[in-house]
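Engineer: below is the sequence, then the predicted model.
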Amino acid sequence: MKLFSKEQIYEADRLTIERQNISSADLMERAGTQLFNWMHARMQGAQVPVHVFCGIGNNGGDGLVLARHLTTHGYHVKTYIVNYSDKRSKDFLINYDRIKSVTKDWPVLLTDDESFPEINPKDIIVDAVFGIGLNRPVVAWVVALFDHFRASKAFTLSVDVPSGLYLDKAPEHTNNVVSASFTLSFAAPKLAFFLPQTAQHTVQWDVLDIGFDQEYLSSVDTEAELIAKHEVLFLFKPRTKFSHKGQFGHSLIIGGSYGKIGAVTLACKGALSAGSGLVTAYIPKCGYTALQASLPEAMVITDTDKNCISNINVAMQPSVVGLGVGMGTDSKTLKAFEAFLKENKSPLVLDADGLNMLAQHTALLKMLPAQTVLTPHPKELERLIGVWKDDFDKLEKVKAFAHTYNVIVVIKGAHTITISNNKLYVNTTGNPGLATAGSGDVLTGIITGLISQGYAPLEATVFGVYLHGKAADIAVGKYGYQSLLASHVIDYLGAAYLDLFKKPDSQDREQEKEGS
Ligand SMILES: NC(=O)C1=CN([C@@H]2O[C@H](COP(=O)(O)OP(=O)(O)OC[C@H]3O[C@@H](n4cnc5c(N)ncnc54)[C@H](O)[C@@H]3O)[C@@H](O)[C@H]2O)[C@H](O)CC1
Ligand SMILES: [K+]
């Protein structure tokens, strides 16, 4: 699913009006009616007090359309105009008149925090104060209103975006943004719904289709894309009856040090379970018996050194190399890493200490093959690109870094984001159970194993991140967040592959229809 920028949404607005020969007020009527349909389907006439707070722009206009429909359908509605500016939009004014024609209980003007209405915990708040037009900090008394919403503990439904949330930068203060219980967004969710600092304001969201011009939406190139099953299904490479393991490549996993051989075991098993035809591990001598015993499917070559990698010498041409898991940053290992980079011609996936050595010796960055995949966790990322001000600044820094070195960077987190060629791929699978030792090693193995089978590095990364999270989502059904282990993710990788072709059952279909 494409994630549109603010400018693209306004352009969609303009083109829809032009190409469908409708007025902007008609489009607002569609938006407000869709909001009403969503609420009506869930409230079924319930006389729960609904407090609709409208700004003076088009977001407020949407709120007025909704309030009008709620009123004419007999709901218990109270409408307020949050009068933070005297510049009322044209369509706001049209709907301000329209709502006054259906009720004697005209909207109440709120101008400062002396006059906030009482809101009970069981009431419903509709937040139509600001939409995507927010372009400067919210004034203090409106922030006080948002605090008043929070203090009421009432269910808060935000229209399009939680008011106070910018689409392209972090809020000055988290209190400047409404804490929505649910957000109903037009056309598509917004990138800010998926970033650690700003996702807290939306929590749950759904998309309302207001009939935007499909030709524009499908043709416009967006910087960010939401990656779910639909998007990765197109990447999947089916196997034919006469396939053989030679067709699925030979992954080489380089890493391990005394006490950290397990990281290599997990990465090798991840690569095999992702479908790599053959896997060889290159590890220090200390790990030989452990690895051969724990993973008979993997072949093993050992370094001359007992405890760490000192000289990477493999007489094979791997399809792909996954390097860094459990590797340590011993000076001998660093030298071996540099010598390896000078010779290596295979696609490369770098993780953990491979990244830490890069960060310590940035001259090595220029030696990386094109489209090398880097899979840093936040600390490793900071060592690579330096500190960032906020999530948006982090994205900009990573985009610049990925562009400069022609690499693919995976920003691991609640919504792992893969960045390459100035594009963002926002993953939708995964859960807090993945915050466990070794889950990163498994991801490295999965991505390596996919490249081994012929997936291009970017495809392998986006697909691998999806499968890794999906496997964890299925596994937590049995293990729960706290008990999920990295090896469980590997065990459930097959289920993640099979889930790609699972028809949504009738219950799922019901949910999808209701849009919940
Ligand atoms: N294309 C669509 O998706 C549609 C969106 N609709 C709704 O329209 C809003 C966007 O409306 P807009 O009038 O552009 O802006 P807002 O209502 O978000 O903002 C109101 C107004 O306030 C001014 N402003 C901005 N920041 C501040 C501030 N901090 N303090 C005071 N005033 C501020 C600014 O000038 C804005 O004009 C979108 O979210 C949807 O809800 C359409 O209804 C349907 C199509
Ligand atoms: K809003």
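Structural biologist: Noted; the coordinates are in hand. Ligands and ions are numbered 1, 2, ... in the order given.

Engineer: remind me, longest helix of this protein?
Structural biologist: For the chain, the helix with the greatest residue count under DSSP state H is helix 457-483.

Engineer: what's the next helix or strand after that helix packed up against?
Structural biologist: Later in the chain than helix 457-483, the nearest helix or strand by DSSP states H and E is helix 486-491. Applying 3 or more CB pairs under 8 Å, 6 or more residues apart in numbering; DSSP states H and E, we find helix 486-491 packed against helix 262-274, helix 439-452, helix 457-483. Every residue, glycine included, has its C-beta placed from N, CA and C.

Engineer: could those helices go into CSV alongside mean neighbour count?
Structural biologist: Listed next are the helices and strands packed on helix 486-491 as CSV, based on neighbours: other CB atoms under 10 Å:
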stretch, mean neighbour count
helix 262-274, 29
helix 439-452, 31
helix 457-483, 21
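
Engineer: columns distance to ligand 1 and mean pLDDT on top of those, output as CSV?
Structural biologist: Formatted as CSV, the helices and strands packed on helix 486-491 follow (distance: least, CB to the nearest ligand atom, whole Å; pLDDT from 0 to 100):
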stretch, distance to ligand 1, mean pLDDT
helix 262-274, 39, 98
helix 439-452, 36, 98
helix 457-483, 27, 97
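
Engineer: quick one, which of those helices is nearest to ligand 2?
Structural biologist: For those, the distance to ligand 2 is smallest for helix 457-483, at 29.5 Å, taking CB to the ion.

Engineer: just want the angle from the closest one to helix 262-274.
Structural biologist: 120 degrees (axes from the mean of the first three to the mean of the last three CA atoms, to 10 degrees).

Engineer: how far away from the center of its chain is helix 457-483?
Structural biologist: Centre-to-centre, helix 457-483 and its host chain are 13 Å apart (CA atoms, centre = their mean, to the nearest Å).

Engineer: domain assignment for this structure?
Structural biologist: The record, using automatic domain parsing to delimit domains, assigns the chain the ranges 2-221, 231-239+246-514.

Engineer: most tightly packed of the ones you listed?
Structural biologist: domain 231-239+246-514 (a mean of 20; mean count of other CB atoms under 10 Å).

Engineer: right, and the helices and strands packed on helix 486-491 - which one's nearest K104?
Structural biologist: K104 lies closest to helix 457-483 among these, at 51.4 Å (CB to CB).

Engineer: what angle do the closest one and helix 439-452 make?
Structural biologist: Using the same axes, to 10 degrees: helix 457-483 against helix 439-452 is 150 degrees.

Engineer: in contact with V398, which residues?
Structural biologist: With contact set as CB atoms under 8 Å, 6 or more residues apart in numbering, V398 has these partners: 381, 385, 409, 411, 419.

Engineer: mind checking pLDDT for the second one?
Structural biologist: In other words, I385. Looking at I385, its pLDDT reads 94.

Engineer: how far away is the residue nearest to L334 when sequence neighbours are not counted from H69?
Structural biologist: With sequence-adjacent residues excluded and distances taken as CB to CB, 6 or more residues apart in numbering, L334 is closest to M357, at 5.4 Å. Taking CB to CB, to the nearest Å as the measure, M357 falls 61 Å from H69.

Engineer: please apply the same query to F401.
Structural biologist: F401 is 49 Å from H69, by CB to CB.

Engineer: R19 now?
Structural biologist: In terms of CB to CB, R19 sits 26 Å off from H69.

Engineer: now K78
Structural biologist: Taking CB to CB, one finds K78 at 15 Å from H69.

Engineer: what are the ranges of the helices in the stretch 301-450 of the chain?
Structural biologist: All helices of the stretch 301-450 of the chain, identified by DSSP state H, counting those that start in this stretch, fall at 331-343, 352-360, 378-385, 391-405, 439-452.

Engineer: closest to ligand 2 out of those?
Structural biologist: helix 391-405 (19.7 Å).

Engineer: CA-only coordinates of the closest one in PDB, if you can.
Structural biologist: What follows is helix 391-405, C-alpha atoms only, in PDB (Å, rounded to 0.1, in the frame of the first residue of the first chain):
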ATOM      1  CA  ASP A 391      12.500   9.500  13.700                       C
ATOM      2  CA  PHE A 392      12.200  11.800  10.700                       C
ATOM      3  CA  ASP A 393      15.800  13.000  11.000                       C
ATOM      4  CA  LYS A 394      16.900   9.300  11.400                       C
ATOM      5  CA  LEU A 395      15.100   8.400   8.100                       C
ATOM      6  CA  GLU A 396      16.800  11.300   6.300                       C
ATOM      7  CA  LYS A 397      20.200  10.300   7.600                       C
ATOM      8  CA  VAL A 398      19.700   6.700   6.600                       C
ATOM      9  CA  LYS A 399      18.400   7.600   3.200                       C
ATOM     10  CA  ALA A 400      21.500   9.700   2.600                       C
ATOM     11  CA  PHE A 401      23.800   7.000   3.900                       C
ATOM     12  CA  ALA A 402      22.200   4.300   1.800                       C
ATOM     13  CA  HIS A 403      22.400   6.500  -1.300                       C
ATOM     14  CA  THR A 404      26.100   7.500  -0.700                       C
ATOM     15  CA  TYR A 405      27.300   3.900  -0.400                       C
END
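
Engineer: tell me what angle that helix forms with helix 378-385.
Structural biologist: Counting by the same axes, to 10 degrees, helix 391-405 lies at 50 degrees to helix 378-385.

Engineer: tell me what angle helix 391-405 forms with helix 352-360.
Structural biologist: Interaxial angle, helix 391-405 versus helix 352-360 (the same axes, to 10 degrees): 80 degrees.

Engineer: picking that back up, and the domains of the chain: which comes nearest ligand 2?
Structural biologist: Taking the domains of the chain one by one with CB to the ion, domain 2-221 is closest: 4.1 Å.

Engineer: show the end-to-end separation of that closest one, please.
Structural biologist: From the first residue to the last, domain 2-221 extends over 8 Å; the measure is CA to CA, to the nearest Å.

Engineer: is it positioned near ligand 2?
Structural biologist: Yes: against ligand 2, domain 2-221 shows contacts by CB under 5 Å from the ion at 59, 127, 158-159, 163.

Engineer: inside helices: which ones of those?
Structural biologist: Using DSSP H, the residues of domain 2-221 next to ligand 2 in helices are N59.

Engineer: can I get the residues of domain 2-221 next to ligand 2 in CSV including pLDDT?
Structural biologist: Shown next, in CSV, are these (pLDDT from 0 to 100):
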residue, pLDDT
N59, 98
D127, 98
S158, 98
V159, 98
S163, 98
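
Engineer: from the residues of domain 2-221 next to ligand 2, which single one is nearest T265?
Structural biologist: Proximity of the residues of domain 2-221 next to ligand 2 to T265 was ranked by CB to CB; the top entry is S158 with 46.4 Å.

Engineer: distance check, the closest one against K366.
Structural biologist: In this view, S158 and K366 are 46 Å apart by CB to CB.

Engineer: and F463, by the same measure?
Structural biologist: Taking CB to CB as the measure, F463 falls 28 Å from K366.
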